[in-house]
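Novice: What shape does this take:
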Amino acid sequence: MKTVILAIVVLLVVSQAEALTCWCGGSRKCLGRTEVCTGSNNVCATMNNFHGCYTESSCRSLDRPGVASSKFCKTDLCQ
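Specialist: Residues are numbered from 1 along each chain as shown. Here you go, the predicted structure:
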């Protein structure tokens, strides 16, 4: 039982250590200047007046030349 609990704790620590951190701002409201991405939000995105965590597929679909511009990256504070 102790082994199972230890494995779960290690898994949680490792998964938190690998979370992506993005700058947050523009029309996106956050508690601070950065946010930690969770769930399916797997990229840092910059779109018009938005900076923060977003899904890669949504970011790609919103990049429409002449209409809207979106950029994304996958390393901490990259945008």
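Novice: Heading C-terminal from the helix-or-strand element of the chain with minimal mean pLDDT, find the next helix or strand.
Specialist: The helix or strand of the chain with the poorest confidence is helix 2-17; it has a mean of 53 (mean pLDDT, DSSP states H and E). Counting by DSSP states H and E, the next helix or strand C-terminal to helix 2-17 is strand 21-23.
Novice: Output the contacting helices and strands for whatever helix or strand comes next after that following strand.
Specialist: Counting by DSSP H and E, the next helix or strand C-terminal to strand 21-23 is strand 25-26. The contact analysis (3 or more C-beta pairs under 8 Å, 6 or more residues apart in numbering; DSSP states H and E) places strand 25-26 against strand 50-54. Every C-beta, even on glycine, is put in place using the N, C-alpha and C of the backbone.
Novice: For the following helix or strand past the strand it packs on, list the C-alpha coordinates in PDB.
Specialist: Next helix or strand after strand 50-54 toward the C-terminus (DSSP H and E): helix 56-62. Output of helix 56-62 as PDB, limited to C-alpha atoms (Å, rounded to 0.1, in the frame of the first residue of the first chain):
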ATOM      1  CA  GLU A  56      -2.900  23.800 -30.400                       C
ATOM      2  CA  SER A  57      -5.700  22.700 -32.700                       C
ATOM      3  CA  SER A  58      -7.800  25.800 -31.800                       C
ATOM      4  CA  CYS A  59      -4.800  28.100 -32.300                       C
ATOM      5  CA  ARG A  60      -4.100  26.600 -35.700                       C
ATOM      6  CA  SER A  61      -7.800  27.000 -36.800                       C
ATOM      7  CA  LEU A  62      -7.900  30.700 -35.700                       C
END
